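Asker: My questions concern the predicted model and sequence given below.
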Amino acid sequence: MAMGTSNMSRPVIHEARPPGIDPVSHFILKTARLLLISGADAEYVRRRTKVVVSRLGLSAEIFLSGEGLLLMIDAGTSYRTRIGPRIAGMGANTGLFDAVEGVTKCVVAGSMDLSEALGRLEALEGSPVRYPAWLIIPAVAGTMAALCRLFGGEWSVVLAAFLAGLVSTLLRQGFSARHLNSIVSSFTTALVSAVVAALVLRLMSTAPTVLAFVAAGMILVPGVPLINGIADMASGHTGIASFRLALGTVTVVAIGFALFLAANLVGEPLTVDLATAPIPVWQDFCFSGVAAFGFAILFNCPARAILACVVCGMVSHGLRSELGALGLDLATATLTCSFIAGLIAHSASGWLSLPWPTFAFPGTVAMIPGSYVFRASVGGLEIMAKGVDTPPAILAESASVGISALVLTAAVGVGLLVASSLAGIVVVARHRSDTSGAD
């Protein structure tokens, strides 16, 4: 009897147990999907997943593809495999990216439980915060006009591009609200806005409409998925990299076909060769800033980050033009300026406590060579129509602009990757220095 009393009087020790596998799986899959659709590259998502799962006392591996997500969680005594929903699209929404990051940081720090975190993510997914339409529409239209001027367009062409940009943004917002297929949306928007630009320009001037057409397409180029596709390929995530690059390429080709069709509708066929006049350097810096501001609004960058985005865009594109004027080839200048933009983005990330892509994407997307891709598409259509009778000049020019598009897109992605890697090395070295100093 005494022995029984002694056993009953022993204190009960409650061991801390990790959360259940199912809620953790749900949280990880939702977090990963939201990060991907808001502009994160695959390696970032993988690393973030490992950090969160480790903090929750589990281990996991996640496989990313364009068709969905596959998560495998090991809790020691049990093992689960979960499949996430299909990923509808991967664009850029840095405001959503920042908000999701905030939730994951709270979970890692232990200041928010999973049920509350899931509620926050559900709210973000259901009604993502955006800038008001009265700001988005003129900002994006201004970006389209700025791109036109950066290509050397006359002021009448710039004005026509701005008015067409208003129509383009209205269409994009309407299509997005109705969840229209992204490729169909881009094709239709490019077609309508290019026709509007041509008709408006005819009322004001006799200037050629080709630059307004190019600007109408450039504003629609999926620059972020293309940049991320290169980053994913470099980090070994070939599945999702192929998906992003293929989707981006098909979208750009659809835009190019829409511009080709619009040009024929208004009686001004596009040609593969495009002669552009350089603009003064001070204008290049100014209009690069305008373009970066519009992209920052379009990508839903937090208000405190917009100035840094503008500076990043001005330095990257303006400096590239200056380096070109000094005789540096375009590919090397693009690589150099993308690297500098990446360093600026990482510096701003530390100052403002925001993920570095918040600044890198608006700051570099204007350097994506959409005009080269459009011209390559036009050349391909001409080759298709003329067959063996295609003039050698068209064959050579089409091949040249197509290769240039690939090289310049890769230069942007590689420049950002090198900057990110260098910044990571500096952070690790600084952490080790602080640790050794504390010892």
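Answerer: Here it is on my side, so go on.
Asker: thought A32 was touching K50?
Answerer: No: counting by Cβ atoms under 8 Å, K50 is not a contact partner of A32; they are 11.1 Å apart. In this view, the C-beta of every residue, glycine as well, is placed from N, C-alpha and C.
Asker: those strands in the stretch 251-400 of the chain, which residues are they?
Answerer: In the stretch 251-400 of the chain, no strands are found when defined by DSSP state E, counting those that start in this stretch.
Asker: Low-confidence bits of the chain, can you list those?
Answerer: 1-19, 88-89, 128-129, 274-276, 427-439 (pLDDT under 70).
Asker: quick one, what contacts L422?
Answerer: Counting by Cβ atoms under 8 Å, 6 or more residues apart in numbering, L422 touches L343.
Asker: A32 and K50: who's more crowded?
Answerer: A32 (24 against 15; other Cβ atoms under 10 Å).
Asker: would that one count as being in a helix?
Answerer: Yes: A32: assigned to a helix according to DSSP: H, G, I helix; E, B strand; the rest coil.
Asker: who are the neighbours in contact with the residue nearest to R304 when sequence neighbours are not counted?
Answerer: Distances taken as Cβ to Cβ, 6 or more residues apart in numbering place L352 nearest to R304, at 5.8 Å, with adjacent residues excluded. By Cβ under 8 Å, 6+ apart, the contact set of L352 is 304-305, 308.
Asker: where's L352 relative to I383, distance?
Answerer: To I383, L352 is 48 Å away according to Cβ to Cβ, to the nearest Å.
Asker: Now do stretch 134-141: distance to the chain's middle.
Answerer: 19 Å (Cα atoms, centre = their mean, to the nearest Å).
Asker: Kindly report the same for stretch 359-371.
Answerer: Centroid separation between stretch 359-371 and its chain, computed with Cα atoms, centre = their mean, is 9 Å.
Asker: End to end on it, go ahead and measure it.
Answerer: End-to-end distance for stretch 359-371: 23 Å, by Cα to Cα, to the nearest Å.
Asker: got the contact list for L29?
Answerer: 69, 71, 82, 84-85.
Asker: Give me the buried subset of the residues you listed.
Answerer: Listed as buried from the contacts of L29 are 69, 71, 82, 84; burial here means 16 or more other Cβ atoms under 10 Å.
Asker: quick one, phi psi at the last one?
Answerer: Listed backbone geometry of G84 is phi -90, psi 170, with angles given as degrees, to the nearest 10.
Asker: show me the contacts for it.
Answerer: Contact analysis of G84 by Cβ under 8 Å, 6+ apart lists 29-30, 32-33, 68-71.
Asker: which of those sit farthest apart?
Answerer: The distance between the two most remote of the contacts of G84 (Cβ to Cβ) is 14.4 Å, for K30 and L70.
Asker: Which of the two has more residues huddled nearby?
Answerer: Between K30 and L70, K30 has the larger neighbour count (other Cβ under 10 Å), namely 21 against 15.
Asker: how about the more buried one, what does it touch?
Answerer: K30 is in contact with 84, 118, 121-122, 125, counting by Cβ under 8 Å, 6+ apart.
Asker: Now restrict these to buried residues only.
Answerer: By 16+ other Cβ under 10 Å, the contacts of K30 give 84, 118, 121 as buried.
Asker: which among these gets closest to S182?
Answerer: Nearest to S182 among these, with distances taken as Cβ to Cβ, is G84, at 19.7 Å.
Asker: how close does the closest one sit to A348?
Answerer: With distances defined as Cβ to Cβ, the gap from G84 to A348 amounts to 32 Å.
Asker: That'll do, ta.
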